[in-house]
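Student: Got a sequence here, can you model it:
(chains A and B)
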2 protein chains.
Amino acid sequence: MAISRRTFMAAGAATLASATVMSTETNSPNAMSGQVVHNVYFWLKKPESLEDRDLLIAGLKTLSAIPAIKTLQIGLPANTEKRDVVDNSFNVFELMYFDSVEAQNEYQVHPLHTAFVENYGHLWERVVVHDSVLV
Amino acid sequence: MAISRRTFMAAGAATLASATVMSTETNSPNAMSGQVVHNVYFWLKKPESLEDRDLLIAGLKTLSAIPAIKTLQIGLPANTEKRDVVDNSFNVFELMYFDSVEAQNEYQVHPLHTAFVENYGHLWERVVVHDSVLV
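Tutor: Model (predicted):
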């Protein structure tokens, strides 16, 4: 490998430093480790409808009242460079952090979440979810 | 809709409160707005190889020395409930925050990133990238 041990160690230290930026709860460098990142991509039935897009965003905001969610972020596809591996065809993106897999499972059955699916589910054609545990 | 205006407003306030947790730079409730979330999912050529998985994770950590990256997080598929919409078939997950689309584009051509692709690219079979701008 072209990357020396020194470079690798410096990079590792930078990772830890940046991870601490994400949490005000503790100064532990591994503060994010074990957290669940819940990524959801929505493709709308009417992708050209800004009204539907904004309605979905409003719906997603109602979820933030669910206690299990540590952080909720909502996004739109970014105009990054077109490359073969990039798929920015989705219309709305949602990212949540949870303390554990159990907390994410609790969220799934929370009344505000089931109400969200009931009230806004007609807007989307397709949903893809990727769940990760931070190392 | 079953969700009252009061519930919606409370939910909105909670979103803003949680967003501030993510940034130590400013107390502005919209501190994350405009940031680019760069999500990358890797499927390994040898998904059963923990050695390859850990090597890829070590490689990803070298990227954190790139100044354009505000935050780097690395994850593994979470053992969340199996549902039709959930695809946790990837082997390694990487999440980066950038200040702008331009910063993400700069990252793509940074020597440490091109070295990463050169040195670790043989490990993966497939990569999917989703880029979002936070609202």
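Student: quick one: pLDDT of A:R83?
Tutor: At A:R83, the pLDDT value in this model is 89.
Student: Spatially nearest residue to it (excluding sequence neighbours)?
Tutor: When the adjacent residues along the chain are set aside, A:R83 lies closest to B:V129, with 7.4 Å between them (Cβ to Cβ, 6 or more residues apart in numbering or on different chains). Quick note: C-beta positions are derived from backbone N, CA and C, even for glycine.
Student: Surely that neighbour touches B:N39?
Tutor: Yes - in this structure, B:V129 is within contact of B:N39 by Cβ atoms under 8 Å, at 6.9 Å.
Student: which one of these two has more residues nearby?
Tutor: For B:V129 versus B:N39, neighbours defined as other Cβ atoms under 10 Å in any protein chain shown are more numerous around B:N39 (23 against 16).
Student: where does chain A have low pLDDT?
Tutor: Low-confidence segments of chain A (pLDDT under 70): A:1-30.
Student: residue boundaries of the strands in it?
Tutor: Per DSSP state E, chain A carries strands over the ranges A:36-44, A:71-77, A:92-98, A:124-134.
Student: returning to what we had before: please name the residues that touch the residue nearest to A:R83.
Tutor: By Cβ atoms under 8 Å, 6 or more residues apart in numbering or on different chains, the contact set of B:V129 is A:R83, A:V85, A:V86, A:D87, B:H38, B:N39, B:V40, B:Y41.
Student: what's the answer for A:Y41, then?
Tutor: So A:Y41 contacts A:F90, A:V92, A:F93, A:V127, A:V128, A:V129, B:H130 (Cβ under 8 Å, 6+ apart).
Student: Could you report the neighbour count for A:Q104?
Tutor: A count of neighbours around A:Q104, defined by other Cβ under 10 Å, yields 23.
Student: likewise A:N119?
Tutor: 15.
Student: what comes up buried for stretch A:88-103?
Tutor: Neighbour-count burial for stretch A:88-103 flags A:N88, A:F90, A:N91, A:V92, A:F93, A:E94, A:L95, A:M96, A:Y97, A:F98, A:V101, A:A103 (criterion: 16 or more other Cβ atoms under 10 Å in any protein chain shown).
Student: end to end, how far does that stretch reach?
Tutor: Length of stretch A:88-103, first residue to last, Cα to Cα, to the nearest Å: 28 Å.
Student: How about it and chain B, any contact?
Tutor: Yes - judged by Cβ under 8 Å from any Cβ of the partner chain, stretch A:88-103 and chain B are in contact via A:N88, A:F90, A:F93, A:L95, A:V101.
Student: Now the first one. Its backbone dihedrals?
Tutor: Here the main-chain torsion angles of A:N88 (degrees, to the nearest 10) amount to phi -110, psi 30.
Student: That one and B:H130 touch, don't they?
Tutor: Yes - look at A:N88 against B:H130 with Cβ under 8 Å: they come within range, at 6.5 Å.
Student: shared neighbours of those two, anything?
Tutor: Joint contacts of A:N88 and B:H130 (Cβ under 8 Å, 6+ apart) are A:P77.
Student: can you put the contacts of A:Y41 in JSON lines and add distance to A:I66?
Tutor: Output for the contacts of A:Y41, formatted as JSON lines (distance: Cβ to Cβ, whole Å):
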{"residue": "A:F90", "distance to A:I66": "22"}
{"residue": "A:V92", "distance to A:I66": "18"}
{"residue": "A:F93", "distance to A:I66": "18"}
{"residue": "A:V127", "distance to A:I66": "18"}
{"residue": "A:V128", "distance to A:I66": "21"}
{"residue": "A:V129", "distance to A:I66": "16"}
{"residue": "B:H130", "distance to A:I66": "23"}
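Student: So which of those residues is the closest to A:T71?
Tutor: A:F93 (14.0 Å; Cβ to Cβ).
Student: Residues in a beta bridge with that closest one, which ones?
Tutor: Taking DSSP bridges as the rule, A:F93 bridges to A:Y41, A:G75.
Student: Check the contact between it and A:A78; I expect there is one.
Tutor: No - A:F93 is beyond contact range of A:A78, at 9.1 Å (criterion: Cβ under 8 Å).
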